[in-house]
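Asker: Would you be able to build a 3D model of this:
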Amino acid sequence: LDRRSFEALADVLRADAKSDPLVVFLEDLQYASNRSLDLIDYLTRHLKDCPILFILAWNPLEVVSDRVLYALEADAEIELQPLSDAEVEEFVRDTLHKADSIPSGLVEKITESAHGNPLSVEEMLRIMISQGVVDTRRSVWSIDGEKVAALELPSTMEGTVQARLGTLTDEEREVLEIASCVGTVFWPKAVRSLNHLRQEFAGDDKLYWQDDELDRRCDEVLESLERKDMIRRSKDGSTSALEEMYFKHRLERRKLYDTMSGQQKQRYHRLLGQWIERNLDDEDEKIVETVAIHYDKARCLDHAARCYVKAGHAARSRYGNEKAIELYVKG
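Answerer: Okay, the predicted model is just below:
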């Protein structure tokens, strides 16, 4: 079945490339499953005669085996180095091009703290904007030299991410914490529902799950986070029935998730498992497995076992034997 599936995809790409050359870009291969790597290996070997360029990216610091490297027999390999001081300065000046002038001290502080990491540069600039060091409210931006002189920037990537999260309001952080339990990609509808459930009963006539004001406020918070470029809307979600959003940076999502208490995470995972069962196709293998994972993390082990076994039955019915075995073992 794998061979026939791989051949079918190769045929599609080959036919598409006849009309226009293709560029296929795959990133974060350190997270790829063995089956995905087998597919990449097959495609890159069988489409050598086609005008298709494969660009494959991964973080070598996170690769735990040689399996990824074995599957990637590249014609050329490029190792991305840290930005030079001149490149960091160019990055900063390009980002702040709407400012009438840029203090040299600002560029120096970012260069010294970022260590050539583009993500650190970007995060530091956003911290400056959120703290009012850089005022972006007018068409011509202004930079406060006194605030620049007093500003202390973190010197590590983790510190930069922590400082960026420290600029969030309580509401923004609470909404993002719910989203982080869903995953890097999340459903705004699920976040709105769990936002209702975390509210304490106010004792008035309006029941908290019927409070439209909560939904409106949650949407405003999501829009605010989108403007801050911490989350983005997905143009083509895997679940077509529901709108999807995603964290721009996995590091921010991971840091948020790791700082939550175990009890809080278990509660959110339990509620998410229940929400997905009620709102998505509970016969879909991937959906059922997702529900199982949430119940597993919530320590609702009976529910998790039931869903793992159900997902295993679905995998077996499509002759996905290895996947079925994996799910049955977990169950």
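Asker: C-alpha only now, for contacts and for neighbours.
Answerer: Fine.
Asker: any chance you could map the strands in the stretch 51-200 of the chain?
Answerer: Along the stretch 51-200 of the chain, the segments classed as strands by DSSP state E, counting those that start in this stretch run 52-56, 134-135, 142-143, 185-186.
Asker: Contacts only, for residue 127.
Answerer: 163, 164, 167 (C-alpha atoms under 8 Å, 6 or more residues apart in numbering).
Asker: Hmm, residue 123 and the second one touching each other?
Answerer: Yes. If you go by C-alpha atoms under 8 Å, residue 164 and residue 123 touch, sitting 6.6 Å apart.
Asker: lowest-pLDDT helix or strand in this structure?
Answerer: helix 67-71 (a mean of 58; mean pLDDT, DSSP states H and E).
Asker: Per-residue pLDDT of the residue nearest in space to the middle of the chain, please?
Answerer: With the centre of the chain defined as its mean C-alpha position, the nearest residue by C-alpha atoms, centre = their mean is residue 184, 3.3 Å away. pLDDT, residue 184: 91.
Asker: rewinding a little: winner for burial among the strands of the stretch 51-200 of the chain?
Answerer: Looking across the strands of the stretch 51-200 of the chain with neighbours counted as mean count of other C-alpha atoms under 10 Å, the highest average goes to strand 185-186: a mean of 22.
Asker: which residues are contacting that one?
Answerer: Against strand 185-186 from outside (C-alpha under 8 Å, 6+ apart): 179, 180, 244, 245, 246, 247.
Asker: same deal with stretch 318-331?
Answerer: Residues outside stretch 318-331 that contact it (C-alpha under 8 Å, 6+ apart): 1, 304-309, 311-316.
Asker: pLDDT weak spots in the stretch 151-300 of the chain?
Answerer: Within the stretch 151-300 of the chain, the ranges that satisfy pLDDT under 70 run 199-211, 236-240.
Asker: How about the stretch 1-150 of the chain?
Answerer: In the stretch 1-150 of the chain, residues with pLDDT under 70: 62-73.
Asker: quick one: contacts for residue 154?
Answerer: By C-alpha under 8 Å, 6+ apart, the residues touching residue 154 are 113, 160, 163.
Asker: returning to what we had before: any idea which of the contacts of stretch 318-331 is closest to residue 33?
Answerer: residue 315 (16.1 Å; C-alpha to C-alpha).
Asker: secondary structure element for that closest one?
Answerer: Applying DSSP states H and E as the criterion places residue 315 in helix 301-317.
Asker: so for the helix or strand following that helix, what's the average pLDDT?
Answerer: Downstream of helix 301-317, the first helix or strand assigned by DSSP H and E is helix 321-330. Averaging pLDDT along helix 321-330 yields 93.
Asker: Tell me which residues of helix 321-330 come out buried.
Answerer: Using 16 or more other C-alpha atoms under 10 Å as the test for burial, helix 321-330 gives 323, 324, 325, 327, 328, 330.
Asker: Now do it and helix 301-317, the angle between them.
Answerer: 160 degrees (axes from the mean of the first three to the mean of the last three C-alpha atoms, to 10 degrees).
Asker: now helix 321-330, how far from the centre of its chain.
Answerer: Its chain's C-alpha centre and that of helix 321-330 lie 26 Å apart, by C-alpha atoms, centre = their mean, to the nearest Å.
Asker: CA atoms of that helix as CSV?
Answerer: Below are the C-alpha coordinates for helix 321-330, written out as CSV (Å, rounded to 0.1, in the frame of the first residue of the first chain):
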residue,chain,number,x,y,z
ASN,A,321,-0.7,-2.3,10.2
GLU,A,322,2.3,-0.5,11.8
LYS,A,323,0.1,2.4,12.9
ALA,A,324,-2.5,0.0,14.2
ILE,A,325,0.1,-1.9,16.3
GLU,A,326,1.4,1.4,17.7
LEU,A,327,-2.1,2.5,18.7
TYR,A,328,-3.0,-0.9,20.2
VAL,A,329,0.2,-0.9,22.3
LYS,A,330,-0.7,2.5,23.7
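Asker: quick revisit: using a markdown table, please lay out the contacts of strand 185-186 together with neighbour count.
Answerer: Shown next, in a markdown table, are the contacts of strand 185-186 (neighbours: other C-alpha atoms under 10 Å):
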| residue | neighbour count |
| --- | --- |
| 179 | 27 |
| 180 | 26 |
| 244 | 20 |
| 245 | 21 |
| 246 | 22 |
| 247 | 23 |
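Asker: Give me the subset of those residues that lies in helices.
Answerer: 179, 180 (DSSP state H).
Asker: of the contacts of strand 185-186, closest to residue 90?
Answerer: Proximity of these to residue 90 was ranked by C-alpha to C-alpha; the top entry is residue 247 with 26.2 Å.
Asker: picking up where we left off before, in the contacts of stretch 318-331, find the pair that's most separated.
Answerer: The span of the contacts of stretch 318-331, defined through C-alpha to C-alpha, is set by 1 and 304 at 28.5 Å.
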